[in-house]
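Colleague: below are the sequence and a predicted model for it; my questions follow.
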Amino acid sequence: VQLVESGGGSVQAGGSLRLSCAASGYTYNRNCMAWFRQAPGKEREGVARIATGSSNTYYADSVKGRFTISQDRAKDTLFLQMDNLKPEDTAMYYCAAGATLSTLIPQSYPHWGQGTQVTVS
C-alpha cells in the first residue's frame with residue numbers, strides 16, 4: 001500500500017484547508033483509512049477515520065464539528081476537510097491505512113504516508 005498526502009499549507013486561524021491522500025495497492029489492506037497528526041514534541045494523535053466504502057466515521061473530540069473525513073473510491077483518494085482551524089491544529093498530518101476497522105490507535109494502521117504540514121497562525 002502506498003499513501004501520498006497533499007494539500008497542507010499555512011492558513012490563518014478560522015480558515016480552511018482540504019487534505020488529500022492518494023492510495024494505491026491491495027484494497028484489502030485499506031479497509032479502514034484514517035488521518036493522524038503529530039506536533040513537534042508531542043505524540044502522534046488520531047484525528048478521524050472512515051471505513052472504506054461506508055459512511056462509518058469516527059472523530060477525535062478535538063476536531064468534531066470542524067473536520068470532515070471522506071473518500072472518493074473511484075479515485076482511491078481520502079480527504080480531510082478542515083474548517084475553523086485553530087493554532088493548536090498545527091502539525092504534520094499523516095494518512096494511514098489498515099486492514100481491519102479500528103478507532104484511532106496508531107498501532108492498528110500498518111501503512112503510512114510521509115505527511116503534509118499544516119500551520120495555523
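Modeller: That came in fine, so what should we check first?
Colleague: and the residue nearest the centre of the chain?
Modeller: residue 35 (2.0 Å; C-alpha atoms, centre = their mean).
Colleague: buried residues in whichever helix or strand residue 37 is part of, which are they?
Modeller: Here residue 37 sits within strand 32-38, counting by DSSP states H and E. By neighbour count on 16 or more other C-beta atoms under 10 Å, the buried set for strand 32-38 is 32, 33, 34, 35, 36, 37. Backbone N, C-alpha and C define where each C-beta goes, glycine included.
Colleague: name the nearest residue to the last one, ignoring sequence neighbours.
Modeller: Yep, that's residue 37 we're talking about. Of all residues not flanking residue 37 in the chain, residue 91 sits nearest, at 3.8 Å (C-beta to C-beta, 6 or more residues apart in numbering).
Colleague: pLDDT below threshold where in this protein?
Modeller: 28 (pLDDT under 70).
Colleague: look up how far residue 112 lies from residue 99.
Modeller: 14 Å (C-beta to C-beta, to the nearest Å).
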